[in-house]
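1. Here's my sequence, what's the structure:
(4 chains)
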Number of protein chains: 2
Amino acid sequence: MNDSDSIRIVIIEDDETIREGYAFLIGQAEGYEVIGTYISFDEAVKKIATNAPDVILLDIELPGTNGIEALPKLKKMLPNAHILILTVYESEKLIFDALSNGASGYLTKNTPAAKIIESIKEVKQGGGPMSVNIARMVINSFQKNQNSPLSKRETQILELICNGKSRSQIAKELFIDLETVRSHIKNIYIKLDVNSRSDAIKTARDNKLI
Amino acid sequence: MNDSDSIRIVIIEDDETIREGYAFLIGQAEGYEVIGTYISFDEAVKKIATNAPDVILLDIELPGTNGIEALPKLKKMLPNAHILILTVYESEKLIFDALSNGASGYLTKNTPAAKIIESIKEVKQGGGPMSVNIARMVINSFQKNQNSPLSKRETQILELICNGKSRSQIAKELFIDLETVRSHIKNIYIKLDVNSRSDAIKTARDNKLI
DNA sequence: ATCAATATCACCCCAAAAGGGTGATATTTT
DNA sequence: AAAATATCACCCTTTTGGGGTGATATTGAT
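-> Take a look at the predicted model:
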């Protein structure tokens, strides 16, 4: 594989030791070319478009514009680049913020260089590399509560409420009477100990009932 | 590592060749013990509790109770077992159904044995192993539409609507007038070409505006 | 510097919806 | 046999939702 086939990589990371360390380790792998390293998004923004990277390694904690804010801007400038988050942070909120803002993968910094190099190829080929603990958090976010206090019918109706449906819309959809829907909703409210749609939705989401 | 420290594995898979092939390959790996193989959940249900497996490899297409239906039942019988889906199916719906019903990982059947063996250990240790294409689908499910027609404020209000908030609740939360909220909602409806909350929520979800 | 989009607020209208209370009955599950 | 579930009924009042038509100040992009 010659240089023209290499994966073009840009690294945005404020810690010089880490940045240069990654650049060296990745750069010496065959088929990988580090074409730019920057200490911040604000630095990178001047030149990164001409770098035309395939993959961007992005830290979250950066001086000036942070990684999360940088994500949509980078995606706008370079719609075809894959962005791989490389950070020490493992909070749920940051992970989901990153993924919803356009990150194609999420690695924590204890990841060995070999795994990072593999992940770069993986993301280039359309995969979604994640550190094991991140993957588990992502999977957990899908899991429903197995011990819901609600019956099937109640869960079904709660889901429709979460979709913004009115009582009469729910009644039509389920081929039951409006009063039956009311009755179910009342029971849902009692079980969840709430007395409004929004509180029911919040409780349902918090407890992953839906 | 002796047998008592081995990871205890059960395989539920209807194709005999695949089932016995996996059982052999996994069983010969050090630290792995295949303690039961079944052609269906309905077969497995009789004895699986006494197997006390750490990890269950579960196919989705099964005679009788399918894998998705089996998941919650297995989780109820064996709350501490990790269930790894091993299937040819890659449809979004099946993946999310599996994950929300208690699967801890999702592998497609082209996965090499070495990767399966690694994934078993990974899931036992609290990871969330997925095939690369599955991981990308999961990550994509988080991505927001980068070309939303809505302004920031409108998106914010749409999110509150998706949380079931009323106009007045939104007004309070954002410290703006009720009439301002109304005005924003009207503009949201125009932009999304809808005329009700439920349609707005549906359109928002379909287009990943929220 | 200018024009478009955005964010803010105001007042008209009325039908629909939401929530609380109380109770009945048949089916299902345990 | 008892408990939970699913179904429907009628009482009540307040809130909400959606359509229409405007104004004004700020912000953003060209």
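2. quick one: secondary structure of the closest residue in space to residue A:201 that isn't next to it in sequence?
-> Closest residue to residue A:201 in three dimensions, ignoring its sequence neighbours and counting by Cβ to Cβ, 6 or more residues apart in numbering or on different chains: residue B:164, at 4.0 Å. Heads up, the C-betas are built off the backbone N, CA and C, glycines and all. Each residue gets one of three states, and residue B:164 gets coil by DSSP: H, G, I helix; E, B strand; the rest coil.
3. Residue B:164 is in contact with residue A:197, isn't it?
-> Yes. Counting by Cβ atoms under 8 Å, residue B:164 does reach residue A:197; the two are 4.4 Å apart.
4. between those two, what contacts are shared?
-> residue A:161 (Cβ atoms under 8 Å, 6 or more residues apart in numbering or on different chains).
5. quick one on the thing from earlier: distance of the residue nearest to residue A:201 from residue B:203?
-> Applying Cβ to Cβ, to the nearest Å, the value for residue B:164 to residue B:203 is 17 Å.
6. what about the two, which has more around it?
-> Neighbours were counted for residue B:164 and for residue B:203 using other Cβ atoms under 10 Å in any protein chain shown; residue B:164 has more, 22 against 17.
7. all helices of chain A, in order?
-> Ranges of helices within chain A are A:16-27, A:41-51, A:67-77, A:92-100, A:113-124, A:132-140, A:152-162, A:167-174, A:178-192, A:197-206, based on DSSP state H.
8. Got the confidence number for the spatially most central residue of chain A?
-> When Cα atoms, centre = their mean is applied to chain A, the residue found nearest the centroid is residue A:99 (2.0 Å). Residue A:99 carries a pLDDT value of 97.
9. if I look at it, how far off is residue B:44?
-> 35 Å.
10. Same question for residue A:202.
-> Remark: distance between residue A:202 and residue B:44 (Cβ to Cβ) = 38 Å.
11. So which of the two has more stuff around it?
-> residue B:44 (26 against 16).
12. residue contacts, the more buried one?
-> Per Cβ under 8 Å, 6+ apart, neighbours of residue B:44: B:10, B:12, B:36, B:38.
13. Name whatever forms a beta bridge with the first one.
-> It stands for residue B:10. residue B:36, residue B:56 (DSSP bridges).
14. That one touches residue B:52, doesn't it?
-> No. Using Cβ under 8 Å, residue B:10 is not in contact with residue B:52; the gap is 9.3 Å.
15. if we can go back for a sec, dump the contacts of residue B:44 into TSV; add neighbour count as well.
-> Shown next, in TSV, are the contacts of residue B:44 (neighbours: other Cβ atoms under 10 Å in any protein chain shown):
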residue	neighbour count
B:10	25
B:12	27
B:36	19
B:38	22
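16. between these, which is closest to residue A:5?
-> Closest approach between the contacts of residue B:44 and residue A:5, by Cβ to Cβ: residue B:12, at 43.3 Å.
17. ok, now how distant is the closest one from DNA strand D?
-> 29 Å (Cβ to the nearest atom of the strand, to the nearest Å).
18. how near is that residue to DNA strand C?
-> When residue B:12 is compared with DNA strand C (using Cβ to the nearest atom of the strand), they lie 23 Å apart.
19. Am I right that that residue is in contact with residue B:42?
-> No. Using Cβ under 8 Å, residue B:12 makes no contact with residue B:42, being 9.9 Å away.
20. Poorly predicted segments of chain A, please.
-> A:1-4 (pLDDT under 70).
21. repeat that for 50
-> Within chain A, the segments meeting pLDDT under 50 span A:1-2.
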